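1. here is my input; please provide its structure:
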Amino acid sequence: MDVSAHILLVDDNLRFAESLQQILRIQNYPSTIALSGEEALELLEQKPYDLVLLDVDLPEMSGVETLDLIKISCSLLPVIMITGNTTVETAVAAMKKGAYDYLKKPIVHELLKATIDSAIRHAKLGKELNDSEKRFKTLTEASWEGVIVHNKGLIVEGNQQFFDMFGYRKEELIRTHILERIFNRNSLVQIQSRIENGITGSHEATGVRKDRSEFPLETRSSYIKFQGQNLRVCAIRDITERKKAEQENLDLQMQLAKASKMEALGLMAGSVAHDLNNILAGIVSYPEILLMGMDKSDKHRESIKIIQKAGKRAASVVSDLITIARGTTTPKIVKNPNTIIADHLSSIEHKDYITQFSGITILSNLDSNLLNMYCSEMQISKVLMNLVGNAMEALESDGLIVITTENAHFSEPVIAYEKMVAGDYIKITVSDNGSGIPADDLDRIFEPFYSKKVMGRSGTGLGLAIVWSTIHDHGGFINVKSGEEGTSFEVFIPSTDEEELCNSPALSLNALRGNGEAILVVDDQETQCLTTRNLLTNIGYQAFTVTSGEDALKLYNKTPVDLVILDMILEQGMNGRETYEQMLKINPQQKAIVISGFSENEELAKIQALGVSHFIRKPYTLDQLGVAVKQSLLGALKN
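-> Numbering: from 1, shown residues only. Reported below is the predicted structural model:
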């Protein structure tokens, strides 16, 4: 987001306003404070601002009244309402009057930044659409017209603009029949019918120039007395630029609508992800604790596994929502696609899935000389799972799916399903011999929740949206070919000549066990603290838990620890990054792991730059936690 965006902060509580101004300064947003609605309106008259943070409960002139006046003078200026618990209803009413969103006190730093960024992006798209509509109106009013007078197509007179429009000299057309020369076949039939039936007024058609190139035009016809005859006069306007402007206007409307949909989805995902993943943590993690102490013959063992599996599926849906809505970026390493494909096809998840489609055959044709690529192995495996799963569901009972890989080079940009830039790529193709995708659906198949499958029967409607988001996060492109012979999804990811890194051997449960090392867990949810402490205790560590950054520093000053596990989002006081920064001032060598149900990419990048080696997304399993802890203590960086 543009760091020059200037924010007007309106709140009658100077202490709160100055505190919030400091937070905005840290987030690279300059701001100006106004202590009343009247002062805010005066400041808006003096200079432009990019966004307004407006307290609902202002004295004299309320926040809602101030909003009404702002929208009169600055209709496109985004306004975010700030409210206490007692005025949420008023804030919602303000949104109906044009406020972009509202934030509840106390302000969560990460949510503040996410909401500001979202509002400014939304306002930018709105301004572009408004500017496009103005350009469209200007082009319409300033169009250059050609005028002819004719007798059933025999041209009697015409102005120079007409002849220039079609690329002819005047002497080439005057006193000749011109209709067949200046209109294409479809338009010619309509024009002749209008002339024969005496129909006047406006009509759109397709013109043909002397060089046989076609262009859109608009005609306006009527009858006049000319040289003693009742002749037809026609004004012809080249509407090429108008059509372009209309298309641009339509594209921007669609872009704005899509952006609004994705912003709403993103706000919803961000709002619920943190809390929901904290809840799911118990459903995913506690079954592991129970299973560790349970005999394999216990009658409840399978039931507990089903609960755990359901929790993991729910967590996966939340993760998918965040990936689509917020474009979550994942760490990437050099891998060979053939290895990822082979691992996926031999995975338990894949084998479990294909048992539902026993009549389907899956073949692979992998290029032995395939180059490597920078990628997230987990995300590319998920792409394969979605594409292969989509193909199996399209085939339903029997058929053939083929997975192929090859190196690809484009010396110049290629336009297919989307525009692909020149370069060297890995091409992964998943094709099936099903009935194909209807042409009307092809343009929308990558939209979230757009699905023609039976609701509740297969997936969440996010599968292809995940594919699209993941491949573009990898700097790649997607092409889709579909017809009666079947469908092919072609994935292009930039290739590299760098060598693949060797994977570290997987650690066994015994290898994950600690030797009493002290670990400090910082999480604002007490239930999450208890879950993590129990997991760590069960594998031989000594765990301390606190629910705020301030309490963490108090304990840290008294008790040295070998490792700190930090939640990124802490509701009160310092967040995880700020807490770790203070710890590093005390011990610059302090090791730490970050855990979170939801975090912004920028904030995560900042704490990783401080030296954090591992990031674990909630809810996590015992294996994930154990491996991260063991590798952190041993000083191994997670790729």
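
2. from the chain's centre, how far out does stretch 283-291 sit?
-> For stretch 283-291, the distance from its own C-alpha centre to the chain's C-alpha centre is 33 Å (C-alpha atoms, centre = their mean, to the nearest Å).

3. mind giving me the domain ranges of this structure?
-> The domain map for the chain lists 7-107, 145-238, 249-326, 337-496, 509-634, with the assignment taken from automatic domain parsing.

4. in CSV: those domains, plus mean neighbour count, distance to H122 and mean pLDDT.
-> For every residue, glycine as well, the C-beta is placed using N, CA and C. Rendered in CSV, the data for these read as follows (neighbours: other C-beta atoms under 10 Å; distance: least, C-beta to C-beta, whole Å; pLDDT from 0 to 100):
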stretch, mean neighbour count, distance to H122, mean pLDDT
domain 7-107, 17, 7, 89
domain 145-238, 15, 33, 89
domain 249-326, 16, 6, 70
domain 337-496, 17, 18, 85
domain 509-634, 19, 17, 85
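
5. output those as a markdown table; include the columns distance to I120.
-> A markdown table is the format used below for the domains of the chain (distance: least, C-beta to C-beta, whole Å):
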| stretch | distance to I120 |
| --- | --- |
| domain 7-107 | 6 |
| domain 145-238 | 37 |
| domain 249-326 | 11 |
| domain 337-496 | 22 |
| domain 509-634 | 15 |
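
6. wait, which of those is closest to T115?
-> When those are ranked by proximity to T115, the top entry is domain 7-107, at 5.4 Å, counting by C-beta to C-beta.

7. and that closest one, how far apart are its ends?
-> With C-alpha to C-alpha, to the nearest Å as the measure, the ends of domain 7-107 fall 16 Å from one another.

8. ditto for stretch 225-242
-> Criterion C-alpha to C-alpha; first-to-last residue distance in stretch 225-242 is 32 Å.

9. kindly check the end-to-end length of stretch 78-92 for me.
-> Across stretch 78-92, first to last residue, C-alpha to C-alpha, it's 15 Å.

10. can you give me how far it is from the chain middle?
-> Relative to where its chain is centred, stretch 78-92 has its mean C-alpha point 27 Å off (C-alpha atoms, centre = their mean).

11. likewise stretch 113-122?
-> Relative to the centre of its chain, stretch 113-122 is centred 14 Å away, using C-alpha atoms, centre = their mean.

12. out of the domains of the chain, which is closest to K127?
-> The nearest among the domains of the chain, by C-beta to C-beta, is domain 7-107 at 5.7 Å.

13. beta partners for V10?
-> A34, L54 (DSSP bridges).

14. quick one: residues contacting it.
-> For V10, the contact set (C-beta atoms under 8 Å, 6 or more residues apart in numbering) comprises 33-37, 39-40, 52-55, 58, 63, 66.

15. and if we set it to 10 Å?
-> Neighbouring residues of V10 by C-beta atoms under 10 Å, 6 or more residues apart in numbering: 17, 32-37, 39-41, 43, 52-55, 58, 63, 66-67, 70, 79, 81-82.

16. sitting in strands, which of the residues you listed do you find?
-> When DSSP state E defines the strands, the subset of the contacts of V10 inside them is 32-34, 52-55, 79, 81-82.

17. so Y425 belongs to a strand, correct?
-> Yes - counting by DSSP: H, G, I helix; E, B strand; the rest coil, Y425 is found in a strand.

18. give the bridge partners for it, please.
-> Beta-bridge partners for Y425, by DSSP bridges, are A408, P494.

19. wait, it sits on F492?
-> Yes - under the contact definition of C-beta atoms under 10 Å, Y425 touches F492, with a separation of 4.2 Å.

20. so I362 versus L387, what's the distance?
-> 12 Å (C-beta to C-beta, to the nearest Å).

21. so what's in contact with those two at the same time?
-> For the pair I362 and L387, residues contacting each of them under the criterion C-beta under 10 Å, 6+ apart are 401, 403, 430, 432.

22. okay, and the second one sits in which element?
-> Using DSSP states H and E, I403 sits in strand 398-410.

23. helices or strands up against the next helix or strand after that strand?
-> Note on strand 398-410: by DSSP H and E, the next helix or strand toward the C-terminus is strand 414-415. Strand 414-415 is packed against strand 477-483, with contacts defined by 3 or more C-beta pairs under 10 Å, 6 or more residues apart in numbering; DSSP states H and E.

24. what pairs with the strand it packs on, and is each one parallel or antiparallel?
-> Partner strands and pairing direction for strand 477-483 (DSSP bridges) are strand 486-496 (antiparallel).

25. can you give me the angle the partner strand makes with strand 398-410?
-> In terms of direction (axes from the mean of the first three to the mean of the last three C-alpha atoms, to 10 degrees), strand 486-496 departs from strand 398-410 by 40 degrees.

26. make 355 the first number, not 1, from now on.
-> Okay, residue one is now 355; in that scheme the one you just asked about reads as strand 840-850.

27. I'd like to know which elements the helix or strand that comes right after strand 840-850 is packed against.
-> Past strand 840-850, heading to the C-terminal end, the next element that is a helix or strand (DSSP H and E) is helix 863-866. Taking 3+ C-beta pairs under 10 Å, 6+ apart as the contact definition, the neighbouring helices and strands of helix 863-866 are helix 976-988.

28. E656 is in contact with P641, correct?
-> No - in this structure, P641 sits apart from E656 without contact. The criterion is C-beta under 10 Å, and the distance is 11.2 Å.

29. quick check: which element contains Y771?
-> For Y771, there is no enclosing helix or strand under DSSP H and E.

30. roughly how far apart are it and L407?
-> Separation of Y771 from L407 (C-beta to C-beta): 41 Å.

31. now S967
-> Look at S967 and L407: by C-beta to C-beta, they are 36 Å apart.

32. distance check, E396 against L909.
-> Distance check for E396 against L909: by C-beta to C-beta, it reads 49 Å.

33. S373 now?
-> As for S373, its distance to L909 is 26 Å (criterion: C-beta to C-beta).

34. next, the contact list for K425, please.
-> Applying C-beta under 10 Å, 6+ apart, the residues near K425 are 431, 433, 451-453.

35. hmm, try it at 6 Å
-> K425 is in contact with G452, counting by C-beta atoms under 6 Å, 6 or more residues apart in numbering.

36. so where do the helices sit in the stretch 855-993 of the chain?
-> When secondary structure is read from DSSP state H, counting those that start in this stretch, the stretch 855-993 of the chain shows helices at 863-866, 880-892, 903-912, 930-940, 955-963, 976-988.

37. as JSON lines, those helices with distance to E511 would be great.
-> JSON lines is the format used below for the helices of the stretch 855-993 of the chain (distance: least, C-beta to C-beta, whole Å):
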{"stretch": "helix 863-866", "distance to E511": "93"}
{"stretch": "helix 880-892", "distance to E511": "85"}
{"stretch": "helix 903-912", "distance to E511": "84"}
{"stretch": "helix 930-940", "distance to E511": "77"}
{"stretch": "helix 955-963", "distance to E511": "67"}
{"stretch": "helix 976-988", "distance to E511": "83"}
